[in-house]
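# Show me the folded form of this:
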Amino acid sequence: MLNPDLSTIQLTKDDYERYSRHLILPEVGVEGQKRLKAASVLCIGTGGLGSPLLLYLAAAGVGRLGIVDFDVVDSSNLQRQVIHGTSWVGKPKIESAKHRILEINPYCQVDLYDTRLSAANALEIMADYDIVVDGTDNFPTRYLVNDACVLLNKPNVYGSIFRFEGQATVFNYEGGPNYRDLYPEPPPPGLVPSCAEGGVLGILPGIIGVIQATETIKIILGKGTTLSGRLLLFNALEMKFRELKLRPNPERPVIDKLIDYEEFCGIRQAKAQEAAQMAEIPEMTVQELKALMDSGAQDYVLVDVRNPNEYEIARIPGSVLVPLSEIENGPGVEKIRSLLNGHRLLVHCKMGGRSAKALGILKEAGIEGINIKGGINAWSQEVDPSVPTY
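The predicted model follows:
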């Protein structure tokens, strides 16, 4: 409850010592600290955004934190997901997060939900919390979190990041707009690259996550002006903030139930289309590629369609870089045509998806080729472990 009965909440001697810098703030004081202690916040995701906001909410004295995540810690997470440590690689993120939270504040109740949030469980999980904080990185879950918050009348503290830019706002608070007012329709699948494909400055989620934590604490305290009705945009390279106004759309569809968000965002259709496309493209395993290379054969060209910076990180010997963007825009098609000179075309990327897309475009241009299954990741894992993964 955002308006709890504070007469039932007591601060201990340790509370007075721990939160002394809060207590001397007139805007917080004893009453505000009691509000924090009585509050419950659910964080969806313990990645780049969830890491800093959970740390600061725990440190601030929020009495109960819920965490929803089903992933395990990977070494590539540690560049930005500061709640996790090297010793937790390969272990559940929610357990890692709980361990770190209790190191900061052993009096915080931490509830774990080792599951993927879905239309089947979202309302049940979110119902007992005062505020929901969206730390996710995909459109189906963002729409799901939004719609569930609308149905439950919960504030939704939103943030997102990509490369050097981030944004934050508060949805569904005191009659303000919700996520569907900002994005009435999801973008086509694949149009917006994930952080795994496009990269992200490690510090960026710290900034946006702390903004989300700030908004959450302000809502709990009932102080200040929240970002409801304002979308805060941040560019780390330029070190600039700007705002856009958001208003509820009176013509938006009424949210009266949760739906299939994978279908709504076109994910199922895209996967089916991709599977059909992949079925039409011949494949070669990395072991078969290695055997071909070891045989001394000269009748093939191996094309790498990743970005130049990825090619600099790791490459398969003898590969030629022709980025997918060049193939999509035309020049790359002719470059590959000139490279072939009657030879077989083999194409790879990081994991096999972009190379399949490239081969689909090339096929329409009359160029047939073979996809290297699993891409350079499979090469590193199954053929040459000295090749870095990223």
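# Which phi and psi values does the residue nearest to the spatial centre of the chain adopt?
Central residue check for the chain by C-alpha atoms, centre = their mean: the C-alpha nearest the mean position is that of D137, 2.4 Å away. Phi and psi for D137, reported as degrees, to the nearest 10, are phi -130, psi 20.
# correct me, but C149 touches N156?
Yes: assessed by C-beta atoms under 8 Å, C149 is found in contact with N156 at 4.1 Å. The way it works is simple: take the backbone N, C-alpha and C, and place the C-beta from them, glycine included.
# what residues are up against the closest residue in space to L258 that isn't next to it in sequence?
Nearest non-adjacent residue to L258, counting by C-beta to C-beta, 6 or more residues apart in numbering: A119, 3.9 Å away. Contact analysis of A119 by C-beta atoms under 8 Å, 6 or more residues apart in numbering lists 144, 258-261.
# go on, G332?
Here G332 is in contact with 322-326 (C-beta under 8 Å, 6+ apart).
# who touches stretch 98-108?
By C-beta under 8 Å, 6+ apart, the surrounding residues in contact with stretch 98-108 are 14-15, 18, 54-55, 58-59, 61-65, 67, 83-85, 88, 110, 112.
# mind redoing it with 10 Å?
Outside stretch 98-108, the residues that touch it by C-beta atoms under 10 Å, 6 or more residues apart in numbering are 12, 14-15, 18, 37, 46, 51, 54-65, 67, 82-85, 87-88, 91-92, 109-112.
# For that stretch, output the C-alpha coordinates as CSV.
The C-alpha trace of stretch 98-108 is given here as CSV (Å, rounded to 0.1, in the frame of the first residue of the first chain):
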residue,chain,number,x,y,z
LYS,A,98,19.5,-11.7,-3.2
HIS,A,99,23.0,-12.5,-1.8
ARG,A,100,24.2,-9.0,-2.7
ILE,A,101,21.1,-7.2,-1.4
LEU,A,102,21.4,-8.9,2.0
GLU,A,103,25.0,-7.9,2.2
ILE,A,104,23.8,-4.3,1.9
ASN,A,105,20.7,-4.6,4.0
PRO,A,106,20.1,-7.8,6.0
TYR,A,107,16.7,-6.5,7.1
CYS,A,108,15.2,-6.4,3.6
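# Now do that stretch: distance to the chain's middle.
Relative to its parent chain, stretch 98-108 has a centroid offset of 24 Å by C-alpha atoms, centre = their mean, to the nearest Å.
# Mind listing what's buried along it?
Using 16 or more other C-beta atoms under 10 Å as the test for burial, stretch 98-108 gives 98-101, 105, 108.
# okay, how far is it across stretch 247-264, tip to tip?
Stretch 247-264 has an end-to-end distance of 23 Å (criterion: C-alpha to C-alpha, to the nearest Å).
# Also stretch 326-336?
Start and end residues of stretch 326-336 are separated by 10 Å (C-alpha to C-alpha).
# Kindly report the same for stretch 120-130.
Chord length of stretch 120-130, first to last residue, is 20 Å (C-alpha to C-alpha).
# can you tell me the average pLDDT over it?
Stretch 120-130 shows a mean pLDDT of 98.
# in that stretch, what's buried?
122, 125-126, 129-130.
# Adding secondary structure and distance to Q212, write those residues out as JSON lines.
As requested, the buried residues of stretch 120-130 are exported to JSON lines (DSSP: H, G, I helix; E, B strand; the rest coil; distance: C-beta to C-beta, whole Å):
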{"residue": "A122", "secondary structure": "helix", "distance to Q212": "19"}
{"residue": "I125", "secondary structure": "helix", "distance to Q212": "19"}
{"residue": "M126", "secondary structure": "helix", "distance to Q212": "16"}
{"residue": "Y129", "secondary structure": "coil", "distance to Q212": "15"}
{"residue": "D130", "secondary structure": "coil", "distance to Q212": "15"}
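# That's all I had, so thanks and see you.
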